[in-house]
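Visitor: Sharing a sequence plus its predicted fold:
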Amino acid sequence: MGLTYSEGMSTSILLNRHKLMIYDKSPELIASLSKIPDFDVYDKLEDCLPQADVVFLAVKPYHCEFLFEEMKPMVNNGQIMVSIMAGVTIEKIQENLGIQKVIRAMPNLPAQVGKGVTSFTESKEVSRVELLMIRNLLDTTGESIKVENETFIDASTGISGSGPAYVFYFMQAMLEAALKMGFSKNDSKVLVSQTFEGAVELFNQSDLSPDSWMKRVASKGGTTRAALDSMEDNNVKELIKEAAYAAFDRAVELGKEE
Ligand SMILES: NC(=O)c1ccc[n+]([C@@H]2O[C@H](COP(=O)([O-])OP(=O)(O)OC[C@H]3O[C@@H](n4cnc5c(N)ncnc54)[C@H](OP(=O)(O)O)[C@@H]3O)[C@@H](O)[C@H]2O)c1
């Protein structure tokens with residue numbers, strides 16, 4: 001995810017590419033990233049962190065304590081920390097690093113193809129101008145929404161953060177049905193992916209809700225109605241909502257475990 005942001009930000013007109021510094025602890029990753037001409041890669045934190053204005057924190061949540069310990073002697077109060085670590089609170093970052101300006105963001109996987117959505121919120125010490133600048137950087141991987149507080153960061157984990165997996169789950173079910181009906185692997189893939197892409201495009205290009213679109217596709221006594229009735233009978237919509245809440249609850253739980 002850190003690399004995805006680096007790639008996105010390296011295209012930003014706000015940022016001189018050569019001012020983007022990447023640090024990772026893995027020697028293999030550093031060696032492979034060093035071959036990319038666009039990136040300035042560092043293997044020592046002390047060579048990059050002290051002169052950074054904005055720092056993106058993109059390690060797994062369970063690695064953060066170790067990272068904070070390493071970073072603490074090298075950070076200063078003018079720096080803005082942007083954390084994408086699930087469940088790690090702004091307060092925890094402030095306390096562990098002894099700094100004030102923190103933005104907490106929740107991205108999602110389609111950021112890798114410039115179609116991500118990131119929700120974000122900030123500590124009160126971050127100015128409006130700084131927030132605008134960071135938002136522009138986040139937007140290099142797709143779109144962003146500013147949320148009121150950290151509860152919405154955990155909630156967006158349940159919708160957009162984990163959401164791509166729900167879509168893949170639905171896709172997998174349709175692929176399996178297509179294969180069972182006798183389509184080849186390749187034809188099944190085209191049928192399913194084009195159906196998803198087309199439905200999303202229709203949705204994006206109109207003001208209609210998904211419910212209204214369903215009514216347009218499904219006529220009384222028809223094939224689509226038969227499928228939708230089967231889903232309703234099996235309570236599929238409620239189960240999907242429950243799944244989203246399970247992810248939300250887990251994000252809150254992870255924050256407490258931290
Ligand atoms: N992937 C997603 O779709 C997604 C969505 C929303 C939020 N997030 C959040 O994004 C964060 C990163 O996720 P990811 O999937 O990109 O994880 P990842 O692939 O494990 O990347 C983290 C990188 O940080 C390195 N690292 C660990 N500890 C370090 C340290 N002390 N100093 C420097 N580098 C260190 C890791 O090296 P090693 O591999 O050697 O440990 C690894 O290369 C997580 O906190 C996650 O909650 C991810």
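Guide: Looks like it came in fine.
Visitor: Which stretches in the stretch 101-250 of the chain count as strands?
Guide: Ranges of strands in the stretch 101-250 of the chain, per DSSP state E, counting those that start in this stretch, are 102-106, 116-122, 142-146.
Visitor: interface residues of the stretch 51-200 of the chain facing the ligand?
Guide: The stretch 51-200 of the chain comes close to the ligand at residues 58-61, 63, 66-67, 70, 84-86, 106-109, 161, as judged by Cβ under 6 Å from any ligand atom. Heads up, the C-betas are built off the backbone N, CA and C, glycines and all.
Visitor: so which of the strands of the stretch 101-250 of the chain gets nearest Met74?
Guide: strand 102-106 (16.4 Å; Cβ to Cβ).
Visitor: Give me the nearest residue to Tyr42, chain neighbours excluded.
Guide: Leaving aside its sequence neighbours, Tyr42 sits nearest to Cys48 (Cβ to Cβ, 6 or more residues apart in numbering; 4.2 Å).
Visitor: Report how many residues lie close to Ile145.
Guide: By the measure other Cβ atoms under 10 Å, the count of residues near Ile145 is 15.
Visitor: If I look at the residue of the chain most remote from its centre, what pLDDT would I see?
Guide: Distance from the C-alpha centroid of the chain peaks at Gly221, with 40.4 Å (Cα atoms, centre = their mean). Per-residue pLDDT puts Gly221 at 94.
Visitor: All the helices of the stretch 1-150 of the chain, residue numbers only.
Guide: Assigned by DSSP state H, counting those that start in this stretch, the stretch 1-150 of the chain shows helices spanning 2-9, 27-33, 64-71, 90-97, 128-138, 150-156.
Visitor: so what secondary structure elements neighbour the longest helix along the chain?
Guide: Across the chain, the helix with the greatest residue count (assigned by DSSP state H) is helix 236-257. In terms of contacts (3 or more Cβ pairs under 8 Å, 6 or more residues apart in numbering; DSSP states H and E), helix 236-257 is packed against helix 150-156, helix 163-180.
Visitor: will you turn the ones you listed into a markdown table that also has mean neighbour count?
Guide: As requested, the helices and strands packed on helix 236-257 are arranged in a markdown table below (neighbours: other Cβ atoms under 10 Å):
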| stretch | mean neighbour count |
| --- | --- |
| helix 150-156 | 20 |
| helix 163-180 | 14 |
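Visitor: Need the ones you listed in CSV (columns: mean pLDDT).
Guide: Converted to CSV, those look like this (pLDDT from 0 to 100):
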stretch, mean pLDDT
helix 150-156, 95
helix 163-180, 98
